[in-house]
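>>> okay, sequence plus prediction incoming.
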Amino acid sequence: WMGLPQSIYDAITLWLPPSAINEALVYVICALGLNIVVGYAGLLDLGYVAFWAIGGYSAGWFMSEFFAQWNFHLFSSVPSTAPGLHVNFWGVLVIGGAICAFFGVVIGAPTLRLKSDYLALVTLGFGEIIPQIFFNGEDINGFNLSNGTKGITRLDPIPVGYKDLGTFDFGEKFLLFVLLTIVMIFISLRLRRGRLGRAWLAIREDELAASMMGVPLMRTKLASYAVGAIAGGIGGVAFATHVDGVYAERFNFAISIFLLAMVVMGGMGNVWGVILGAFILSWVNGNGLSALGSFYNERMGTDVDFPSFTFLLFGLVLILMMLFRREGLLPESRLKLVLHEEEIEEAAAGKKAK
């Protein structure tokens, strides 16, 4: 960075600041998890933010002094005299993923028998209930679960190798988030090509035919829900370390819709398409419009509040995508054939007629 000309450095800082890139990588992790549920298995999930919240609070519970009444340390860089639960970051990733997988199975077991809109409504309710529990969890029969609207701040530093990076700046977080993203990409691709992934695709395309071919519907659906929940938990832990805290107001319903839009816009079922959709939407929402506003206002002498048009632009993009490119920017080949089946049949009939 120090060797870059000032103009290039300023441009990068304006359009691609490290914090925006790190946040985009967190969205990529969560979007890939949601893609397993929606893109692979075809299960519409409108409450995915709940797993993100559970993962975030797992970091708050196990990487801070929040539960000061207890004193537990496990491979932590924090002094042993510090009160609270202090587990190594990599252990918290496992804990957060396991807790989310448990809740995914608990919630999914009685509800995954539902289909389509009914399943969407149930997951929507789940996505509303969990954040509200955290939002109002400062006093549950005298027990402080989440610290309510005040949140949980100052997480433990993350030890990397032999060196504890107490400050752990954005560059170091970038490397950590890239590593987690690569792991999630690897898992997604391996699952897609394996037996379980093929079972998910069979359920997505024709649930009745899949059951007649011997695919255990309930168990296969629960597996997709559990794996997606694990990714949401890992994303929640990563996000908590990104902002160095956990805040209940950040886990709202709009996040679930935002993640779903990333999957749909990028291309359901296509890992690379979902990554592209996540980067585009997270960049526009987090930094793109404000950077564009600064660029435009400085040159035109205006004072237009570009970020205030976020939802207008967001809605317009979704409408145009559904009208002209339903399969997404980088569509999965199988899904593209399904969505354009009628057009393909009409073209084939036209060739035969000639």
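Yep, that arrived.
>>> the helices in the stretch 51-200 of the chain, which residues?
89-111, 116-135, 170-193, 195-205 (DSSP state H, counting those that start in this stretch).
>>> next, Ser77: phi, psi?
Here is the backbone geometry of Ser77 (degrees, to the nearest 10): phi -80, psi -10.
>>> residue numbering should commence at 263 henceforth.
Yep, numbering from 263; the last one is Ser339 now.
>>> gap between it and Phe520?
Here the criterion is CB to CB, to the nearest Å. By it, Ser339 lies 34 Å from Phe520. The C-beta positions use only the backbone N, C-alpha and C, and glycine is treated the same way.
>>> neighbour count for the two, which is higher?
Phe520 (20 against 17; other CB atoms under 10 Å).
>>> now the helix or strand containing the more buried one: average pLDDT?
Taking DSSP states H and E as the definition, Phe520 sits inside helix 515-528. Here helix 515-528 scores 90 as its mean pLDDT.
>>> can you list the residues that contact the helix or strand just after it?
Counting by DSSP H and E, the element after helix 515-528 in chain order, helix or strand, is helix 533-545. Here helix 533-545 makes contact (CB atoms under 8 Å, 6 or more residues apart in numbering) with 278, 282, 285-286, 289-290, 293-294, 297, 301, 447, 450-451, 454, 520-521, 523-530, 576, 590-594.
>>> what about burial for these, which qualify?
Taking 16 or more other CB atoms under 10 Å as the criterion, what is buried in these is 282, 285-286, 289-290, 293-294, 297, 301, 447, 450, 454, 520-521, 523-530, 576, 590-594.
>>> helices or strands up against the longest helix along the chain?
The residue-count maximum for a helix in the chain (DSSP state H) belongs to helix 479-505. Judged by 3 or more CB pairs under 8 Å, 6 or more residues apart in numbering; DSSP states H and E, helix 479-505 is in contact with helix 280-297, helix 311-324, helix 351-373, helix 432-455, helix 457-467, helix 469-474.
>>> of all these, which lies closest to Leu554?
helix 280-297 (13.0 Å; CB to CB).
>>> with distance to Phe586 and mean pLDDT as extra columns, can I get the helices of the stretch 313-462 of the chain in JSON lines?
What follows is the helices of the stretch 313-462 of the chain, written out as JSON lines (distance: least, CB to CB, whole Å; pLDDT from 0 to 100):
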{"stretch": "helix 351-373", "distance to Phe586": "34", "mean pLDDT": "90"}
{"stretch": "helix 378-397", "distance to Phe586": "24", "mean pLDDT": "87"}
{"stretch": "helix 432-455", "distance to Phe586": "27", "mean pLDDT": "89"}
{"stretch": "helix 457-467", "distance to Phe586": "23", "mean pLDDT": "90"}
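>>> wait, which of those helices is closest to Met584?
helix 378-397 (16.6 Å).
>>> that closest one vs helix 311-324, what angle?
30 degrees (axes from the mean of the first three to the mean of the last three CA atoms, to 10 degrees).
>>> helix 378-397: how far from the chain's middle?
16 Å (CA atoms, centre = their mean, to the nearest Å).
>>> which residues does it contact?
Contacts for helix 378-397 (CB under 8 Å, 6+ apart): 305-312, 315-316, 319, 365, 369, 373-374, 376, 407-408, 410-411, 510-511, 513-515, 518.
>>> go again using 7 Å as the cut-off
Helix 378-397 is contacted from outside by 305-312, 315-316, 319, 369, 373-374, 376, 408, 410-411, 510, 513-515, 518, using CB atoms under 7 Å, 6 or more residues apart in numbering.
>>> and stretch 501-521, by the same measure?
284-285, 288, 292-293, 296, 308-311, 314-315, 318-319, 321-322, 389-390, 393, 396-397, 408, 410-411, 413-417, 420, 435, 543.
>>> please, a PyMOL command that selects the buried ones among those residues?
Here is the PyMOL selection string for the buried members of the contacts of stretch 501-521, based on 16+ other CB under 10 Å:
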select buried, resi 284+285+288+292+293+296+308+309+310+311+314+315+318+319+321+322+389+390+393+396+397+408+413+414+417+420+435+543
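>>> is Leu578 in a helix, a strand, or coil?
Under DSSP: H, G, I helix; E, B strand; the rest coil, the three-state class of Leu578 is helix.
>>> name the helix or strand of this protein that has the lowest mean pLDDT.
Scoring the helices and strands of the chain by mean pLDDT, DSSP states H and E places strand 425-427 at the bottom, with a mean of 42.
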